[in-house]
Structures are given as structure tokens and as C-alpha cells.
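1. Got a sequence here, can you model it:
(chains A, B and C)
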Amino acid sequence: MKKTNRIAYVLVATIMLMASVSVFAEELRIDGSTTVGPIGDAFAEAFKNNYKGLDITVKKTGSGDGAAALIDGRCDVAMMSRFMKDKEFKAAVEKGIMPVAHVVAMDGVCVVVHPSNPVKALTAKQIRDIYTGKITNWKQLGGADMDVVIISRDTSSGTFETFHKLVMKKEEMCSATEYVSSNPQAHARVKTTTGAIGYVGIGFLDSAVRALEIDSIIPTKQSIASGRYPIARPLFLFTNGYPKPGTMVFKFCTFYLTETGQEIIEAKGFIPVTNY
Amino acid sequence: MKFSFRYIQDKIFTGFATGAAGLLVVVLLLVLTPMVYRGTKAVVFQGTIEYRKMQLDVFGRGDIEVIATEKAKAQQVRDKLYAMIEGFKKGLDVDVLSGRAKNIYRNYGKEIRDKELASEEFRRRRELSRKIRNELMTAFSLSDKEQIKAHLDNVLGYKDNTDFEGTSAKDFFALAEEFSEIVENIDLKRRKEYANSLGEIEGAVLKLLGPLPGDAVPALVQDRYGCTRMDMAKVQIDRVLYSQRWVSQANNDSLVKVKISRVQQFAGTEMARLFDFVENNADAMLMPKSTFYWQYFIDDSTAGHYFGGVGHEIIGTLLLTIVAMLFAFPLGVISAAYLVECASDGPVTRIVRMCINSLAGVPSVVFGLFGLAFFVLYLLPLMGALSKGCVLTASLTLGVLTLPVMIRASEEAIRAVPKTYKEASLGLGATGLRTFVKVTLPAAMPGILTGVILSISRVAGETAPVLFTGAVALGPLPKSLFDPARTLSYGSYDIAVGDRLAMQVPHNQYGMVVTLVLLIIVLNTAAIFLRAKIFKKLKGL
Amino acid sequence: MNKPQIDTAKEPTASQRTLVLTPLQDLSGFLAHHIGRATLFAVACSSVVAVLLIFLFVIKEALPFLQTHSIGDLFSSSAWYPEADEPKFGILALLTGSVYVTVAAIMIAVPIGITVAVFLSDITSMRVRNYIKPVIEILAAIPSVAYGFFAVLVLAPWMQNSWSFSTGTNALNAAIVLSIMALPTIISVAEDAISAVGRDLREASYGLGATRFETIFKVVLPAANSGIVAAVILGVMRAIGETMVVWMASGNANQIPSPWWDLSQSVRTMTATIAGEMGETPKDTNHYHSLFFVGVTLLVMTFMLNLVSEYFLASAKKKTGK
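-> Here you go, the predicted model:
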């Protein structure tokens, strides 16, 4: 019994100690989109190596939450795969927060199918017909006789919003649409399901899935950067006001302009906005 | 007749019931085996020299000199491979060849400018060298052997021109001769095909062996090393040896995956040797060794869990668990004490009991909502802290969640203490409180501890409640209770759906979830043994 | 109260000191007893407070949503487009999704669970029992995220390849995994109920020449029926509240399967919707509050189920006289 007591004391003391050590080191909190997340992660890693003692956390909870976190002051930099909505902007201004956008990279959304699928190109209209449930079998598109399994990202994600706006023209998806909560999940579902169609960021393309030509334009870095490919969008970092030069927030938000930053963006499968 | 039917009916039922019980064991094995099998690969695998190099650089582990000698030895073999690719590439890449021609033209131009010739003479020489350059560049871009020959002959016709005596323009002719040799050996009509295939091979070799020693160090840790594990290396070697195509087949609507050996593709060229070389020298280039990476359980990880282990997740999980138990343990034991020792069977007790049961039935994701609404959005601002998920909020949420488990286990344990203990104590004149603290509680302690262990295993495994209350995917160790933490449960989820990198390291995906499962199984086994011991002790009385 | 006469010149003996109380001691003892009890009671009420707080705060966050939408509309529509320009918040399909996977899971788990419970209580030896029990406990302890991995890794590809389902993540997949997770609960509660049926009943049955099968089905199970109903309800609660597994395994398509019995289609549950969308939803929007409303629905459902199970457990207790 004595021993247990002592252990308990030590535990309590440790916890109190941990609670009392306050944070004096510089802190950088990043929150937001799962799409921009990998860039945030990699930037954070590079920063951790460059600035010892910097305390950097990255949370990937989605664009909406990123905006909310910035508005609530829960983060310093919000990663967002869409621009801030009017409502969010208003809420921010009401709380005395002035959101400023930094475009870090371009992202193309690619429509992908299983590599065994003979269908290689579709028009935006055909894709819309699939997602609204008008086309339910690949046979209707010249493919094999199998049901189309429709994979979509969850409705709050920035990737969904881009797709919804640029391909669906804001039409509702049919009820058979299966929702997944991240790009890797969408990739994994298409990879393992022969009849599946889904959409992912260009960074998630590999030989396990095949990207479709849309309106006879193949999604490549060039076609996205040049704006020819129809489903492309900028990725943002949002800060409260333009960050003061010299601060960590500033360094973080301008990191994409450096060579290393662009290298990282490219390594993560996005397209840098400037060429070094 | 009737009897035999009943007999058979009875036997069938017995068999069926035994089968059902057996099914449970099968299900348990079915759930655990594939996961554990894949997860074990995170810890036990064939580590290459790249792995040892990475461990040295990132975690400061291993003998610098030993690794350097190993690396140098591997590099000798690798150099041969690089030389083969370079040799083949030199003759193929139009841009590289044209670049060389342009360079020579530029150098020559500088030389003749320095000679301070008459302007007309200068212009004439310059024109001539430009013509030669253009001839060369046309030759490089063509694919028909005869046409190329004609252009190269044009160039070589100027070889003995005295203008070029002792100048760098001599390099033009060296280049032309070099290229005519290449034209003899390689079918340039297939240049595009070669270039594509070569690109794939180079990509695979880069992944296999990492960046060249002279190249700039890539910004991201995961790009700095080749394949650290033989299972990953085999995939890349396969990519070097075969190209994969999806082709249509007559009797099938769907495309079928085929592997085309590159040896045939490159037959007759110098590259053909490369494939045998890679296959036979894989071990020499990578030096695999059986590795037991026990530090997996203490190491931090690089972004996307590409390298490293689950140390920080384990610490986060333990921290969350301890704080949750500090909250749930006293409340649980005292509640149980009240229910056993003081409560009458009145309506108040009934309500308390009903609430405990309701609490046990609340879906875990609703606990998450509650934690978000109450602890994060209400309590933290009330305490003057920043309203964000942190260790404290996540722990408190988990503490509330595990309270019913704690109460029930404690209640059972306290009830199991023989009445005689208590009566003896009371009979000696001890007060109720004293009896409880000095007699009943110590006797019930092993049972209560079992409850604690079960609560811990519940707390450690829950994901949904910490989703919105304080778990993060990446971040430092929490410095205080007001920082978020990484946990095994959330980490397992995140690594399964989160980063593109994680897709490339399935062993780490499963490693994390298996660590969690093992932690929980160990805790539960401990609880089972502890309980068996108590059972024996009480039976012995 | 008679004050005992004690010679103050003499030191009181030890026994006198403890046995005889001064008024002050008496009062303090009295107070300690009652204050102690009160404290204990207060702490014991922590669960009550917790339940109240859960209801209070989850409902508080859901209320703003109810100001703009009527409950009737929510439950009559299955269009869930919370982020559209004209958002729609019909949770009918989410509700049926939850019901689908839960009912299917229970239909798998209950026959197996009760059979195993009977096996443990009436058929097997103590030794085998001691081996099976830990298996059940470990099945109960495996975290849901691990079951999710199992559903995605083993079950989904198997369903696609061997059963030629067009999608491996579907209602059936989720139901199978949920049934595994509900089994331990069902088994342990049902076994308690079955064991609580006295030896006397069983012996009377055997004495009349009944086989074990007849004894179990005609005597033991009817006698234990309340407890078994409670076991089923607790299993339902376990299944309906599960989050991670259904999120990973059910496919998350917001539809009511048609034809209605087709479990190979994917469905979406309330829990998965909350977990999947909460992280991405801006605070204080209609979508955010609607997710809390889904939470309230879940909370009310499980709370009701709990009350029903309590009723059956109480009547089981009464029946067996314990």
C-alpha cells in the first residue's frame, strides 16, 4: 500500500510540474484543410529543422475548421483549400480578425478510375451524369458491364467544393454516392474497387489509379498551371492581417516563395505558383 | 424412435453451440492475424544500408565509421549502375546533346572575340560555327540513321579547316564523332520509347538508392534516402525490371495488367546488361540485414510517419490515460463506496444507478460532442485558457466516459469483500469510515485495480471522443495540460486516411494500430490474471 | 444523555476513552458520519451531474438549429446536403442507415451470442469456460479503430472478390463487424441471466426425462427471457453508438437501400456523419448545430433503450428472486 501511495505522489507531482511549465518558446499553430495539410506538415518539418525551440503544431481538420480556428484565435495560420466564405469573413471581422490570403500552390482535382477500366476520357457532362445518377453502368460509356460505384469526398471538404462547383455546376449528387473523408481514402477506394469513379488531388495520382482526360485534356502539371485543365484551384494560407516581417508566421507564409518551399510543394504533388 | 430423434436433436444442438463458441476464437484470430502480421513488419524487417544511414542521421544511432565503410562499399557497386545509365543516356537526350553543342559555340565565340580579328573575319567565323552548331542540333533531333549520317558528315567536312586550329571548336568534331558512334549502336527510331522507359527506370533507381552522393540534399527527410527496407526495395527493383501496362484483351471488357520485361525492350543496347546487374547485385547495393527495430516504440516520427516510430503517440496516450484516471479513479471508487455502503434502495439511489447505466450507454461520438461543447467551448474560456482541444479536455472527456466502468468494477470489488471482515472491524469499535478505509478498501483494492486496468484499456482505445477534444496528427510532446497531444487511437485513424506519404508505408500504418491493440491486449490479460488470482484467494477463504 | 461519572484525577483507561464519548466527541462523530455521508453522496452524484451536463450542453448546441427547422421536416426527408447553397438537413436516411446496420448486426449477433451464452452456462466444463471467457473479453477490448482496419483490410476486399459485390464497404460489412463488437455484451449479459435461472428448475426438468436441448429451450430460456431481452437491447446500444467502424466500413452513402433488403448497398449512419463532418464544419453554422442535433437524436435513442433495458433487467431480477 505504501509503495502505491508513493507512486501516486510521484505521478501527481509530475503532472503538476508538467502543468506548471508554461510555454515560453515561440509557438506556431497551424490548422485546417486536409488537402493543404501535407504542405503544412512538410513546411513544419523544415521549420523544425531550421528553428530549434520553435513549437509548431499542425492539425488537419478541414478548411471549415481552419477558418473557425483562425476566427477563434485557436491558430495562427489557417490552411484552406477554398477561399473564405462571406459568412466566415463577416464572423472574423466581427471578432476583430482580418483574414489575409496567401496562395501557396495550385491543385488540380483529377477524376480517377480503376486502371482496369477501359474508359479513358469523359466529358464534364458525362461525369456530371454519373454523379447525378443518370448513368449507372460503365456500359453506357463504352466500358465493361459493371455498376458504377460513385466515390465522393465529404461535403465539407474543399476538394468537394471545387468539384461541386466546377464539374457538378452545383447540382446535387445522387444518394448512392459514397462519401469518404480524405484524399488517400478516395484513392484507396478507387484502387480496390473495379467499378469505382472518384476524384482526388493531383498529388495523389500514381500507377494504382488512372486519371481520366476531361474534355480531352489530360491533367498534368503543365495543363493545370496553364489553366487549360478545367478542375483546378488555388490553395491558401490565411493569417490574421498580413504577418509582420520577421515573425515566424511571416516566415511560414512566405516559405512557399523559397526554393526549398517550392521543392516541397512539388514533392507533395502540388504545383508551385512561382518558378524558381 | 422418439427418443433417438430427441437424442440427435440434443447432440446437434450441443455441436452447434460448441461451434458457435469455436467461431468466437476463429473470429478473434481472423481479426488479429492479418493486422498483427502486417504490423510486425514495422519492427522486424530486412533493413538496408539506407536504413542504417537514416537511423544515424535522424536518430543518431549506429557506428559512423562502420556505416561509412559499408556505404562506400555499396557505392562502388552503385557507381557501376549509374555509369551504365549515364552511358546510355548520353546518346539519347536531345537536350543534353544540344546543350553541349551550344556551349561549344559559346566558348568558341568568346575565343574569337578575344583574338581581336577584323570584324568581317569575325562575322565569317562566327557564321560558320553557328552553321556547324545547327547542323549538329538537327542531327541530334532526327531519328533516321542515313539523314543523321549526312548531317554529321557535313559537320566533319570542316574538321580540317584551318580556322579551327587550336580552338575549342575542335570539340564540335569530337561530339559529332561520339554521336555517330552512338547512332551505330542504338536504334534512334525508338528514342522516345527509350526515353520514357529510361525515365521510369531512373525514377525507380532514385527511389531505390536515394539521391546521388553529389546532389543537393533534398528538403524532405523521406527523399534523402533510398529504400530503407528490402520489401520496399523489391517493389522498386520490380519497377526497374518490368514496365506495367494495362491492355485490353479480346475476350474481356476490362483491361488486364501485364508486365513487360524491359530486357527485351532494350535488347541489343548496352542497357540490356543493367537489368541482370540490378537483379544480381541488389544485395551488394543495399546490404540488407535482419533488423529488429525495437526503438519503434520510443522514436518520434518524421512527417507522415514515413520514418521513425510511435514513441510520441505512446507518450500522448499514456498521458491522456493517466490524467483521465486521476479524474475517474477517485470519483469512481467513492461513488461505488456510497452505492455499496450507504445507499438504501430508495428512489435517489435508483436515479443514481440509472444515470450510471445511461452514461455507459452514451455513444462515444456523443461524448466527443459533449467534450467539445462543454470542456473546450465552455470550461476552458471560463478558466481563462484558450478555447482549443488539449490534453486536459480530452482526458476529462475520457474520464467521464470511463466513469461507469470504474464505478461498476469498484462496486463489484467492494461487494466481494467478505462481510466477516467488516463485521470484525465494526465489532472492534471502528467507525464506518475507518472500517471502509482501513479494512474494506484494502481488501477490495485488487478488484478495483482490475477495474482501473479495464478503464485504461477503454480510454486508450477510444478514438471518437478525442477527435474534437485534443488529439492532433503532428506536433511536439505536450508541455502542459493545455497543449494537444498525439495519441495512438487518433494516430491510427489519421495514418489510415491522412497523408499521401502514409500510403507508401503500410507497415507503419499497421504498426501503429497493432501497437494500440497489443497495448490493450496486454492490459486486459493483466486484468484477467489479476482477477483469477483474486478469485482463487477468495475461494481459499 | 447521561454523563458518565469519571474521576478526573485518574487517567481514563484506554477502553474508557474509546467506548465512552464526551458530548463533543459524540457530536463530531455524528457530524463526521453525516458530513461524510453527504460528501460521499455528492461524489456519487457525479454520474448524475455528468448525464445532466451531457444532455444540457449537447442540446444547447443543437437548439439554434431547431429555431430554423422543424423536427417534422428533418425526419421526413432524406436529403442531407448541409453545405449546398440551399442546405438541406433531412436525416431520415441517416436514421435508417443506423437502424439498418444495427438490426442486421443484431440479427447476426443474437443467435450466436445466446448460443454461446448457453454453451458457457449449461454445456461446457469450467476448464473450457476459462479459455473462452478471455477470448470474449479481448474481443470486447479491441479498439474500434482496429475493427475498422479489419473491415477495410479483410472484409471489404473479400466481399468484392468472392461475393462480387460492386462495393466492399456496405451495410453488410458494417453489420458483420458490429455484430462481432456487440457479441461480448450480449454474451455476458445473457449468460448472467441464464446462470441466474436456478438449479432447481433445471433439475426438475432433467428429472422429468427432458434432454438438455429441451431443458434449455423449454425451461431455461423462457425463464431467463427478461434478461435475454436486456442483453439484446444492450447489444443494440453498443451497435448503434459505434462510430469508427461504421465510418470506415459502411460506405457512407446517404441513401435508403432499394430494394429495402439489399444490404450490399452502402449506407450512412448518424454516428459516422457526426465524426466525419464535425471536424470540417465551421463553428456556429447551421451545419454545425445540425450535427449536434443528430447527436441529440442519438442520445435520446440510447437513453430510451437504456430505460427499457433497465426495466427488463429489473423484472429479470424479480423473477429469479435475487
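
2. Can you list phi and psi of the nearest residue to residue B:523 once chain neighbours are set aside for me?
-> Leaving aside its chain neighbours, residue B:523 sits nearest to residue B:457 (4.2 Å; criterion: C-beta to C-beta, 6 or more residues apart in numbering or on different chains). All C-beta spots, glycine's among them, are computed from the backbone N, C-alpha and C. Backbone geometry at residue B:457, expressed as degrees, to the nearest 10, gives phi -70, psi -30.

3. List the residues that contact the residue lying closest to residue B:142 once chain neighbours are set aside.
-> By the measure of C-beta to C-beta, 6+ apart, the closest residue to residue B:142 outside its immediate chain neighbours is residue B:148, 5.1 Å from it. By C-beta atoms under 8 Å, 6 or more residues apart in numbering or on different chains, residue B:148 lies in contact with B:139, B:142, B:179-180, B:183, B:188.

4. If we go by neighbour counts, what in whichever helix or strand residue B:148 is part of is buried?
-> Per DSSP states H and E: residue B:148 is located in helix B:145-156. Within helix B:145-156, the residues that count as buried by 16 or more other C-beta atoms under 10 Å in any protein chain shown are B:148, B:151-152, B:154-156.

5. Just the ones of the contacts of residue B:148 in helices?
-> B:139, B:179-180, B:183 (DSSP state H).

6. Return the closest of the buried residues of helix B:145-156 with respect to residue C:79.
-> Closest approach between the buried residues of helix B:145-156 and residue C:79, by C-beta to C-beta: residue B:148, at 66.8 Å.

7. what about the closest one, distance to residue B:524?
-> Taking C-beta to C-beta, to the nearest Å as the measure, residue B:148 falls 75 Å from residue B:524.

8. Look up phi and psi at the residue in the stretch 51-200 of chain A that chain C sits nearest to.
-> With C-beta to the nearest C-beta as the measure, residue A:62 is the residue of the stretch 51-200 of chain A nearest to chain C, at 2.9 Å. Main-chain dihedrals, residue A:62, degrees, to the nearest 10: phi 120, psi 150.

9. Do I have it right that it meets residue A:160?
-> No - at 10.4 Å, residue A:62 and residue A:160 do not qualify as touching, with contact defined as C-beta atoms under 8 Å.

10. So for those two, which sits in the more crowded spot?
-> More neighbours surround residue A:62 than the other of residue A:62 and residue A:160, with 30 against 22 (other C-beta atoms under 10 Å in any protein chain shown).

11. Contacts only, for the more buried one.
-> Applying C-beta under 8 Å, 6+ apart, we find residue A:62 in contact with A:32-34, A:156-158, C:279-281.

12. between those, which is nearest residue B:479?
-> The nearest member of these to residue B:479, counting by C-beta to C-beta, is residue A:32 at 22.8 Å.

13. Quick check: the residue of the stretch 51-200 of chain A found nearest chain B vs residue B:257, distance?
-> Proximity of the stretch 51-200 of chain A to chain B (C-beta to the nearest C-beta) peaks at residue A:144, 3.1 Å away. Plainly put, residue A:144 is 15 Å away from residue B:257 if you go by C-beta to C-beta.

14. Pull up the gap between residue B:4 and residue B:360, please.
-> Going from residue B:4 to residue B:360 by C-beta to C-beta gives 48 Å.
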